[in-house]
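Q: got a sequence here, can you build the structure:
(chains A and B)
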Amino acid sequence: MNLKETALEVLYSTVPIIAIISILQFTVVKLPWEVFGKFIGGAVMVILGLILFQLGVNKGFLPMGEMTGARVVAKGKLWLILCFGFVLGFAVTVAEPDLQVLASQVDAVSEGQIGRYILLISVALGVGIYVLLALLRIFLNISFYYLLLGSYVLILLLSFFTPPQYLAVSLDSGGVTTGPMTVPFILALGVGVAASVRRKGVASEDNSFGFVALASAGPILAVLLLGVIYQ
Amino acid sequence: MIAVLFEGFLGTIKDVTIALAPVVVLFLLAQVFLLKLPRRRLFRIAKGVIVCFFGLVLFLQGVHVGFMPVGEMMGITLGDLEYNWILIPLGFVLGFAAVMAEPAVQVLVDQIEQVSGGSINKKAVLLTLCLGVGISVALAMAKILMGIPLWYFILPGYVIAFILSKFVNTKFVTIAFDSGGVATGPMTVTFILSMTVGVAQVLEGRNPLLDGFGTVALVAMMPILTILLLGFLYTRKEKEES
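A: Numbering: from 1, shown residues only, chains lettered A, B, ... in the order given. Here you go, the predicted structure:
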């Protein structure tokens, strides 16, 4: 992906919302102009930041991840693949921009009750464990549907035992792990492993997908558990 | 004016350093023990990592000084209005625009057209997705204004999703559940969520932690339902034909 393409993508996804906010500013809301000025300045930073981030991921982290993943899969040792999946899932989630934003919002609103780092770490552990499970699923040929259904039943059960303030936060955490950092890595890993397994004739064809869905069930469970423990 | 934008900049640099440290360490270990890439190749990758670092710093700084405070203030102002029901249609517009603009949606739409062998029209998918997410942000606003617990939406939503999955071609099921992330991009998290937190702050009897959050969850659920529904209609049509 080149600079122009990346820049256009980022502009497409940011400008409409910025335009709506500007219309609100001129009609209904009328915030002080210095605040709105900060918003426009911030918007420029967000746009530039997302462009650089996207370019950097594509040129730096992603090729490195793909090469490492291919090497690990080629070694063919199940425990090594599972370990790598867990560590990769954890590490890319910590770097996820959407999660960084959610974690600081939660920290601020809960006045430190649900701290920034504890949330980051639980969500990242949740993704790591679920990437591991998703990989294991390919080898054991377990149906995606039942793994996901089981996870959501567990989420429902845990929701009875966790304090209410963790519930909404946990469900939101499931949504932020599907951002610009996590998705390309997890998809690349899933597709790579599924392809290598298929060559050996073990798994059926639709196994390469469902990774993102499983990776967003993990954090929900992790944050609910965090609530149960902290209670 | 410019100086105001860099308030707390050192803190952001620290946050980003911590955020990127695990991936960098993982890949350094991979380089030493597994890959042993030549220096020139490594140099190119390092450049990418540095660009990524500055990108993330700028993004988070922009969110902290601009998007988050303004989203919250807009939520507070609008929630305080006498006609604060305006948040519901406004939520619809924001949700609609957020998906419409998301590059990831294009990939998804192509994927669905492919799976359905071209019989599900691309434009129809895009439109239903936009409507779905628009409705979910509108629901998020209504939920705060009326004080309805999040569970009342999420629980039936996922129950319906799992039941529908039983009647839909498996290819659609995995695509649908994977598509949850399609609309929860940086814009939803930074702006729309800050706004709902702001609304929950200003309304009496609402707790921002309980009522303000949950917006991302609703936005993540709706594409799943929308695509399963499309898949359901498609599967039924297919059966009728055969």
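
Q: how about chain A, which residue sits the furthest from its center?
A: Distance to the chain centre peaks in chain A at residue A:27, reaching 35.8 Å (criterion: C-alpha atoms, centre = their mean).

Q: helices and strands of chain A: which one bottoms out on pLDDT?
A: helix A:182-199 (a mean of 76; mean pLDDT, DSSP states H and E).

Q: would you mark the buried spots in that one?
A: A:182-190, A:192-194, A:196-197 (16 or more other C-beta atoms under 10 Å in any protein chain shown). For the C-beta atoms, the positions are set from N, CA and C on the backbone; glycine is no exception.

Q: for stretch B:193-211, same thing?
A: B:193-203, B:206-211.

Q: what about those residues, which are in helices?
A: B:193-202 (DSSP state H).

Q: show me the contacts for the residue in chain B that chain A sits nearest to.
A: Closest residue of chain B to chain A, C-beta to the nearest C-beta: residue B:66 (1.6 Å). By C-beta atoms under 8 Å, 6 or more residues apart in numbering or on different chains, the contact list for residue B:66 reads A:38-43, A:45-46, B:5.

Q: circling back: which of the buried residues of helix A:182-199 lies closest to residue B:62?
A: Using C-beta to C-beta, residue A:182 is the member of these that sits closest to residue B:62, with 20.7 Å.

Q: nearest spatial neighbour of residue A:54, skipping sequence neighbours?
A: residue A:6 (4.9 Å; C-beta to C-beta, 6 or more residues apart in numbering or on different chains).

Q: can you tell me which residues contact residue A:78?
A: Residue A:78 neighbours (C-beta under 8 Å, 6+ apart): residue A:139.

Q: relative to chain B, how far out is it?
A: Look at residue A:78 and chain B: by C-beta to the nearest C-beta, to the nearest Å, they are 17 Å apart.

Q: tell me the pLDDT at whichever residue of chain A sits closest to chain B?
A: The nearest approach of chain A to chain B comes at residue A:42, 1.6 Å away (C-beta to the nearest C-beta). Per-residue pLDDT puts residue A:42 at 92.

Q: does it lie in a helix or a strand, and which?
A: Using DSSP states H and E, residue A:42 sits within helix A:33-56.

Q: CA atoms only for the helix or strand following that helix, dumped as PDB, please.
A: Toward the C-terminus, helix A:33-56 is succeeded by helix A:62-75 as the next helix or strand (DSSP H and E). C-alpha atoms of helix A:62-75 as PDB (Å, rounded to 0.1, in the frame of the first residue of the first chain):
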ATOM      1  CA  LEU A  62       3.400  -6.700   9.200                       C
ATOM      2  CA  PRO A  63       6.200  -8.100   7.100                       C
ATOM      3  CA  MET A  64       8.100  -9.100  10.300                       C
ATOM      4  CA  GLY A  65       5.000 -10.800  11.600                       C
ATOM      5  CA  GLU A  66       4.300 -12.700   8.400                       C
ATOM      6  CA  MET A  67       7.900 -13.900   8.100                       C
ATOM      7  CA  THR A  68       8.100 -15.000  11.700                       C
ATOM      8  CA  GLY A  69       4.700 -16.700  11.400                       C
ATOM      9  CA  ALA A  70       5.700 -18.600   8.300                       C
ATOM     10  CA  ARG A  71       8.900 -19.700  10.000                       C
ATOM     11  CA  VAL A  72       7.100 -20.900  13.100                       C
ATOM     12  CA  VAL A  73       4.400 -22.700  11.100                       C
ATOM     13  CA  ALA A  74       7.100 -24.400   8.900                       C
ATOM     14  CA  LYS A  75       8.800 -25.900  12.000                       C
END
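
Q: coming back round to it: with adjacent residues omitted, what lies nearest to the residue of chain A closest to chain B?
A: Nearest to residue A:42 is residue B:66, by C-beta to C-beta, 6+ apart, at 1.6 Å.

Q: then residue A:119?
A: With C-beta to C-beta, 6+ apart, the residue lying closest to residue A:119 is residue A:103, at 4.7 Å.

Q: what's near enough to touch that neighbour?
A: So residue A:103 contacts A:116-117, A:119-120, A:123 (C-beta under 8 Å, 6+ apart).

Q: for residue 112, report the pLDDT, please.
A: If you meant another chain, say so; for now it's chain A. 86.

Q: actually it's chain B I care about, not the one you picked
A: The model's pLDDT for residue B:112 equals 80.

Q: so how far is residue A:53 from it?
A: Residue B:112 sits 28 Å away from residue A:53, going by C-beta to C-beta, to the nearest Å.

Q: of these two, who's got more company?
A: Remark: of residue B:112 and residue A:53, residue A:53 carries more neighbours, 27 against 24, as counted by other C-beta atoms under 10 Å in any protein chain shown.

Q: gap between the more buried one and residue A:142?
A: 35 Å.

Q: same check on residue B:55?
A: 38 Å.

Q: between those two, which is the more surrounded one?
A: Between residue B:55 and residue A:142, counting by other C-beta under 10 Å, residue B:55 is the more crowded of the two (22 against 15).

Q: tell me the contacts of the spatially most central residue of chain A?
A: Most central in chain A under C-alpha atoms, centre = their mean is residue A:177, positioned 1.7 Å from the mean C-alpha point. Counting by C-beta under 8 Å, 6+ apart, residue A:177 touches A:93, A:96, A:98-99, A:123, A:126-127, A:215-216, A:218-219, B:181.

Q: check residue A:69 too.
A: Contacts of residue A:69 (C-beta under 8 Å, 6+ apart): A:84, A:88, A:188-189, A:192-193.

Q: rerun at 10 Å
A: Contact partners of residue A:69, counting by C-beta atoms under 10 Å, 6 or more residues apart in numbering or on different chains, are A:81, A:84-85, A:88, A:185, A:188-193, B:30.

Q: could you chop chain B up by domain?
A: B:1-72, B:81-241 (automatic domain parsing).

Q: winner for burial among these?
A: domain B:81-241 (a mean of 20; mean count of other C-beta atoms under 10 Å in any protein chain shown).

Q: re the thing from before, from residue A:107, how far out is the residue of chain B closest to chain A?
A: In terms of C-beta to C-beta, residue B:66 sits 19 Å off from residue A:107.

Q: can you check residue B:124 too?
A: From residue B:124 over to residue A:107 (counting by C-beta to C-beta), the distance is 41 Å.

Q: can you tell me which helix or strand residue B:144 belongs to?
A: Per DSSP H and E: helix B:122-146 holds residue B:144.

Q: average pLDDT for that helix?
A: 90.

Q: and what of stretch B:178-191?
A: 80.

Q: any part of that stretch near chain A?
A: Yes: Stretch B:178-191 reaches chain A (C-beta under 10 Å from any C-beta of the partner chain) through B:178-191.

Q: tabulate the residues you listed (CSV), appending secondary structure.
A: As requested, the residues of stretch B:178-191 next to chain A are exported to CSV (DSSP: H, G, I helix; E, B strand; the rest coil):
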residue, secondary structure
B:178, helix
B:179, helix
B:180, helix
B:181, helix
B:182, helix
B:183, coil
B:184, coil
B:185, coil
B:186, helix
B:187, helix
B:188, helix
B:189, helix
B:190, helix
B:191, helix
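
Q: ok, the residue nearest the centre of chain B to residue A:178 distance?
A: Geometric centre of chain B, nearest residue: residue B:184, 0.4 Å, by C-alpha atoms, centre = their mean. Distance from residue B:184 to residue A:178, counting by C-beta to C-beta: 6 Å.
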